[in-house]
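Peer 1: Structural data only, the sequence is not supplied:
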């Protein structure tokens, strides 16, 4: 193999970690100064159920990830152990920050931690295989509120987007303990599909027995940045990193699939994703999350009707794991059945 082929797959020596705007949260590069916030948030509560690791190990791992992320920003070598990482894998860490006031007491919910409610990571970033693992950790009181659903698709969009706008990943994956059914449901709703099982890979401390580790992943030509957000009633923010590239790639993928499937090669069929992409590209870029909420409150019903009509008319055009034969009627529309997941072969699944 030519030497330049290796170079082209190498990760850059340094990186500028971009801020990412969501509708409920925004993400900024995490620092070691943010680490004490996680303890204040009781972010490692129930770690064995969520990640399969004990709290002390989880805390140490996250501290290492943040330091690796800052090292990459500074252009330092990836190794922290003194022997380095033979695969030169990297890590990116963002602090998850919210300005929300859910209890309407006039104060930001997370004011005690400078608005930080958790962190989200791309870890094991492998330039050769173009693969990365995603993981999010939230404070105990901030779980189950939809923050993961807001942050994860936007990080994945950046991860999949071609360089230099994104990381240019081919695959993003997660590893979930089998008993963490809530996370499995969320990941399925984001487009992840089970790809393997590591038997008895984790210790279940609560029940004093081993449990399986479920590996789930999604590929760049499977991931849909529009649908992953729309599944939870959220919207693209056009000036986020990688969004324009993701929309262009989605349009190209849809066009290729339509031509391959024997449609009129000279006429591009209208699809829900190209329509959504056109709407996004013509929209005014959103930079203020409060403006997003104000605008959405006036148009969300109209947008849902338009999108639903588009979905029903072109369901067969998408390679999204949720759709096609699984949801043929409005009663069983994909957005009504999120979290059900696919039928599995194992008898233990319920």
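Peer 2: Great, that's in hand. Only a predicted model underlies this, so the values are computations on that prediction, with no experimental measurement involved. Numbers count the residues shown, from 1 in each chain.

Peer 1: Counting neighbours, what do you get for residue 139?
Peer 2: By other Cβ atoms under 10 Å, the residues close to residue 139 number 23. For glycine as for every other residue, the C-beta is placed from the backbone atoms N, C-alpha and C.

Peer 1: Model confidence score at it, please.
Peer 2: With respect to pLDDT, residue 139 has a value of 95.

Peer 1: ok, residue 160 - contacts?
Peer 2: 166-169, 172, 220, 223, 225, 242, 246 (Cβ atoms under 8 Å, 6 or more residues apart in numbering).

Peer 1: That one and residue 63, how far apart?
Peer 2: 27 Å (Cβ to Cβ, to the nearest Å).

Peer 1: again with residue 74
Peer 2: 17 Å.

Peer 1: And those two? Which one has more around it.
Peer 2: Neighbour tally, residue 74 and residue 63, criterion other Cβ under 10 Å: the higher count belongs to residue 63, 13 against 9.

Peer 1: what secondary structure does that one sit in?
Peer 2: Under DSSP: H, G, I helix; E, B strand; the rest coil, the three-state class of residue 63 is helix.

Peer 1: Please name the nearest non-neighbouring residue to it.
Peer 2: Excluding the flanking residues, the one nearest residue 63 by Cβ to Cβ, 6 or more residues apart in numbering is residue 35, at 5.8 Å.

Peer 1: Now do the phi/psi pair for the one you found.
Peer 2: Main-chain dihedrals, residue 35, degrees, to the nearest 10: phi -60, psi -40.

Peer 1: and it, how many residues sit next to it?
Peer 2: So residue 35, with other Cβ under 10 Å, has 18 neighbours.

Peer 1: now swap in residue 130 and tell me
Peer 2: Residue 130 has 19 neighbours, counted by other Cβ under 10 Å.

Peer 1: which ones are touching the closest residue to it other than its chain neighbours?
Peer 2: Among residues not flanking residue 130 along the chain, residue 170 sits closest, at 3.7 Å (Cβ to Cβ, 6+ apart). Taking Cβ under 8 Å, 6+ apart, we find residue 170 in contact with 129-131, 219-220.

Peer 1: Nearest to residue 206 among those residues?
Peer 2: Comparing those against residue 206 with Cβ to Cβ places residue 131 closest, at 31.3 Å.

Peer 1: residue ranges with poor pLDDT in the stretch 1-150 of the chain?
Peer 2: 1-7, 79-84, 102-103 (pLDDT under 70).

Peer 1: at 80 what do you get?
Peer 2: 1-8, 77-87, 99-109 (pLDDT under 80).

Peer 1: No further queries at this time; thank you.
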